[in-house]
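Trainee: quick one: sequence and predicted model below, then my questions.
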Amino acid sequence: MANGKDYYEVLGVKRGASDDEIKKAYRKLARKFHPDLNPGDKTAETQFKQLQAAYDVLSNAEDRKLYDQYGENWRAVKAGAGAPPPPGWEHAAPGPEPRAGGFDFNDFDFGRFRSSGGGGGFDIFEELFGGARGGGPTRGRGRDVEAELELTLEEAHRGGRRTLQMQNAEKTIDVNIPAGVRDGSTVRLAGQGGAGANGSEPGDLYLHIRLRPHPVFTVKGDDLEVELPLAPWEAVLGANVEAPTIEGKVGVKVPAGASSGQRLRLRGQGLHKRSGGRGDEYVRLKIVVPKEVSAEERRLYEELKRVSQFNARR
Amino acid sequence: MWTADFDLDEPLTFDVVAAIVGARRSLVVRLAQQGLIETVNNEAEAPLVPRRAVVRIRRMQRLRRDLGVNFAGAAIILDLTRRMEQMNRELAEMQRQLQ
């Protein structure tokens, strides 16, 4: 069963629903929860998994008949390990029978990968075709696997070695992530998908990169943008201040007369580019004022108000 | 240690792509002719398909299988989903800046 839920409930149909009604209900819910339409949404992924499990059984006349009769124990009956088979099923071959298309939900692994080398999550959201419905490689080549790998901006910038471990298996993979991957990039690990049949080549592992939002930097292509607060007197008089970059702090010379919103370019302080070199960092100035001032500061501001010819609204 | 290929620019023939995705060559040719997958021009021979198209074709196959849409519809869905993702990211970034 789909995590203990009734398959008919999962699809939202009555037990006597026709094949067309079941298909229609499946399609409607698949449009809502399909992983390709909800990238990165684990809840949708789980819902879709349940949906597919339910549809796979209810769309097959033989399996549906067994399910209707034996409920959640239907697979055991089919495999010959549970209650006696229903009339007419005595001669059925024991064990799972590959159907047309060869799909068995138990082969459809949404298992989790986790990274043990840097904190990023690594989630399989679908294994493809190597036995799934709808056809696939025909020459025994192993199934390809797609997964998402979440990285911090720093990890994406510098790249480096990651150890990825599938949670539901012993398999671990050491991966060298190239420097400069971006949100939405896909990288391929040749031969790290499913094993091939009868000595055929294994499938590939495709990792779709997702970048976690960064608390300080905004990514704009190869460039980074960061906000730099300035005291009013630093903006008026100019100042040498420190600004964060992806590789640490650097000194920045703020020109006298700087305004909020003005951007200063730090050439070559952005992200690594695929083609080599680095993008730029843009420091966006933001003048901030103290919420509380001492008596002396207040006196000086009053004095400034008295002598200044400046009109901010002219 | 496995080094990940970056961005999947490697050009593949229609035959190779067809074998990888478990489809007929004619389907891959048709998708390319209709502009549903990108191709790389080859001066002397037939156009080639960058490896990243493999991922796109598979998604289109899944959408066709699970939602019943045709390949043209699947391509539109994928393009719109990508744009929506990008807009969501920009929106989240703007919200973060406003806070």
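Mentor: Nice, thanks for sending it over. Numbers count the residues shown, from 1 in each chain, chains lettered A, B, ... in the order given.
Trainee: most centrally placed residue in chain B?
Mentor: residue B:56 (2.5 Å; Cα atoms, centre = their mean).
Trainee: wait, residue A:174 sits on residue A:161?
Mentor: Yes. Using Cβ atoms under 8 Å, residue A:174 is in contact with residue A:161, at 6.4 Å. Quick note: C-beta positions are derived from backbone N, CA and C, even for glycine.
Trainee: could you pull out the helices for the stretch 51-200 of chain A?
Mentor: Along the stretch 51-200 of chain A, counting by DSSP state H, counting those that start in this stretch, helices occupy A:61-70, A:74-78, A:153-158.
Trainee: what's the closest of the ones you listed to chain B?
Mentor: Judged by Cβ to the nearest Cβ, the one of these that comes nearest to chain B is helix A:153-158, at 11.9 Å.
Trainee: can I take it that the residue nearest to the centre of chain B is in a helix?
Mentor: Yes. Assessed by DSSP: H, G, I helix; E, B strand; the rest coil, residue B:56 belongs to a helix.
Trainee: can you tell me the element the closest residue to it other than its chain neighbours falls in?
Mentor: Using Cβ to Cβ, 6 or more residues apart in numbering or on different chains and skipping the chain neighbours, the partner closest in space to residue B:56 is residue B:37 (5.8 Å). For residue B:37, there is no helix or strand it lies in under DSSP states H and E.
Trainee: can you give me the neighbour number for whatever residue of the stretch 151-300 of chain A ends up closest to chain B?
Mentor: The nearest approach of the stretch 151-300 of chain A to chain B comes at residue A:187, 3.6 Å away (Cβ to the nearest Cβ). Counted by other Cβ atoms under 10 Å in any protein chain shown, the residues lying close to residue A:187 total 21.
Trainee: low-scoring stretches of chain A, by residue?
Mentor: Applying pLDDT under 70 to chain A flags the ranges A:1-4, A:81-139, A:166-170.
Trainee: for it, which residue occupies the most central location?
Mentor: Short answer for chain A (Cα atoms, centre = their mean): residue A:40, at 3.9 Å.
Trainee: residue A:148 is in contact with that one, correct?
Mentor: Yes. Here residue A:40 reaches residue A:148: they are 6.2 Å apart, a contact under Cβ under 8 Å.
Trainee: pull up the overlap in contacts between the two.
Mentor: residue A:210 (Cβ atoms under 8 Å, 6 or more residues apart in numbering or on different chains).
Trainee: before we move on, back to that, who's the residue of the stretch 151-300 of chain A closest to chain B bridged to?
Mentor: Residue A:187 forms beta bridges with residue A:207, residue B:6, as assigned by DSSP bridges.
Trainee: ok so, going back, want to throw the helices of the stretch 51-200 of chain A into a markdown table with mean neighbour count?
Mentor: Formatted as a markdown table, these follow (neighbours: other Cβ atoms under 10 Å in any protein chain shown):
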| stretch | mean neighbour count |
| --- | --- |
| helix A:61-70 | 16 |
| helix A:74-78 | 19 |
| helix A:153-158 | 20 |
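Trainee: adding distance to residue B:8, write those out as CSV.
Mentor: Putting the helices of the stretch 51-200 of chain A into CSV (distance: least, Cβ to Cβ, whole Å) gives the following:
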stretch, distance to residue B:8
helix A:61-70, 38
helix A:74-78, 39
helix A:153-158, 17
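Trainee: in TSV: these, plus distance to chain B.
Mentor: TSV is the format used below for these (distance: least, Cβ to the nearest Cβ, whole Å):
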stretch	distance to chain B
helix A:61-70	18
helix A:74-78	23
helix A:153-158	12
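Trainee: those helices: which one's closest to residue A:183?
Mentor: helix A:153-158 (7.8 Å; Cβ to Cβ).
Trainee: chain B against chain A: which residues are in contact?
Mentor: Contact residues, chain B versus chain A (Cβ under 8 Å from any Cβ of the partner chain): B:1-8, B:19-23, B:51-52, B:54-55, B:58-59, B:61-68, B:77-78, B:81-82, B:85-86, B:89, B:92-93, B:96-97.
Trainee: so the residue of the stretch 151-300 of chain A closest to chain B makes contact with residue A:181?
Mentor: Yes. With contacts defined as Cβ under 8 Å, residue A:187 counts as touching residue A:181 at a distance of 6.6 Å.
Trainee: what about the residue nearest to the centre of chain A, which SS state?
Mentor: Residue A:40 - assigned by three-state DSSP - is coil.
Trainee: which ones are touching it?
Mentor: By Cβ under 8 Å, 6+ apart, the neighbours of residue A:40 are A:148, A:210.
Trainee: now do residue A:267
Mentor: residue A:280.
Trainee: least trustworthy helix or strand in chain B by mean pLDDT?
Mentor: strand B:2-3 (a mean of 62; mean pLDDT, DSSP states H and E).
Trainee: the residue of chain B positioned farthest from its centre and chain A: what is the separation?
Mentor: No residue in chain B sits farther from the centre than residue B:99, which is 36.2 Å out by Cα atoms, centre = their mean. Separation of residue B:99 from chain A (Cβ to the nearest Cβ, to the nearest Å): 11 Å.
Trainee: state the pLDDT value of that residue.
Mentor: Residue B:99 carries a pLDDT value of 75.
Trainee: on that earlier part again, quick one: residues contacting the residue nearest to residue B:56.
Mentor: Counting by Cβ under 8 Å, 6+ apart, residue B:37 has contacts B:28, B:31, B:49, B:53, B:56-57.
Trainee: quick one: the strands in chain B, in order.
Mentor: Secondary structure of chain B (DSSP state E): strands at B:2-3, B:5-6, B:11-12, B:49-50.
Trainee: starting at the chain centroid, how far to stretch A:56-69?
Mentor: Mean-position distance between stretch A:56-69 and its chain equals 34 Å (Cα atoms, centre = their mean, to the nearest Å).
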